[in-house]
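> Okay, sequence plus prediction incoming.
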Amino acid sequence: MATPLRTRGYANKRVEDVTQAAGEAKDTNPKNPSVISSAGAVGKQFNPDGNIGQVGEAVGGPFSKDGAIGSQFDAAKDGIAGQVEKAVDGPSRPATEKK
C-alpha cells in the first residue's frame, strides 16, 4: 500500500477548512477584493454577466449558471469558485463568514 502524499500539512483537512485558513491569512476582504475574487478584475469575467460567463449562458445546458459545470463558477456556493472566493477572501464568501 502506497503512503498518502502530504501537502503542506493539509492532507487530512477538508478543502473548506484549508480555504478558510488561507482567506483569513490574506490582507484582502470584501471591501478590498482580490483580482481573482468575484468582484475583482479577472474574477468578475466568470460571473454570468461577465465576458466568460456569458458564453456558458449562451451555450446553456450544463454550462449555464444552474448547470452541473456552470454552477461550479458561482462564488457564493461550495463549488470551485466558492472555494477560490473564500481563499482570496472575496465578497461572495469571505473567510470571516461561515457558510
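Received the coordinates, thanks.

> quick one: the helices in this structure?
15-25, 51-59, 80-87 (DSSP state H).

> Compute the inter-axis angle for the helix or strand of the chain with the lowest mean pLDDT and helix 80-87.
For the chain, using mean pLDDT, DSSP states H and E, the weakest element among its helices and strands is helix 15-25, scoring a mean of 84. Inter-element angle recorded for helix 15-25 and helix 80-87: 40 degrees (by axes from the mean of the first three to the mean of the last three CA atoms, to 10 degrees).

> Flag every buried residue along helix 15-25.
Using 16 or more other CB atoms under 10 Å as the test for burial, helix 15-25 gives Val18, Thr19, Gln20, Ala22, Gly23. C-betas here are computed from N, CA, C, even on glycine.

> got any ranges where this protein has weak pLDDT?
Applying pLDDT under 70 to the predicted model, the residue ranges of the chain that meet it are 1-13, 97-99.

> Can you tell me what sits against stretch 68-83?
Residues outside stretch 68-83 that contact it (CB atoms under 8 Å, 6 or more residues apart in numbering): 15-16, 19, 37-38, 43, 46-48, 53, 56-57, 62-65, 84-85, 90-93, 99.

> How far does it stretch from one end to the other?
The first residue of stretch 68-83 is 16 Å away from its last residue (CA to CA, to the nearest Å).

> list the buried ones in that stretch?
For stretch 68-83, the neighbour count (16+ other CB under 10 Å) marks Gly70, Ser71, Phe73, Asp74, Ala75, Lys77, Gly79, Ile80, Ala81, Gly82, Gln83 as buried.

> Distance to Asn29 for these - can I get that in TSV?
Rendered in TSV, the data for these read as follows (distance: CB to CB, whole Å):
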residue	distance to Asn29
Gly70	27
Ser71	25
Phe73	22
Asp74	20
Ala75	14
Lys77	20
Gly79	21
Ile80	21
Ala81	18
Gly82	17
Gln83	17
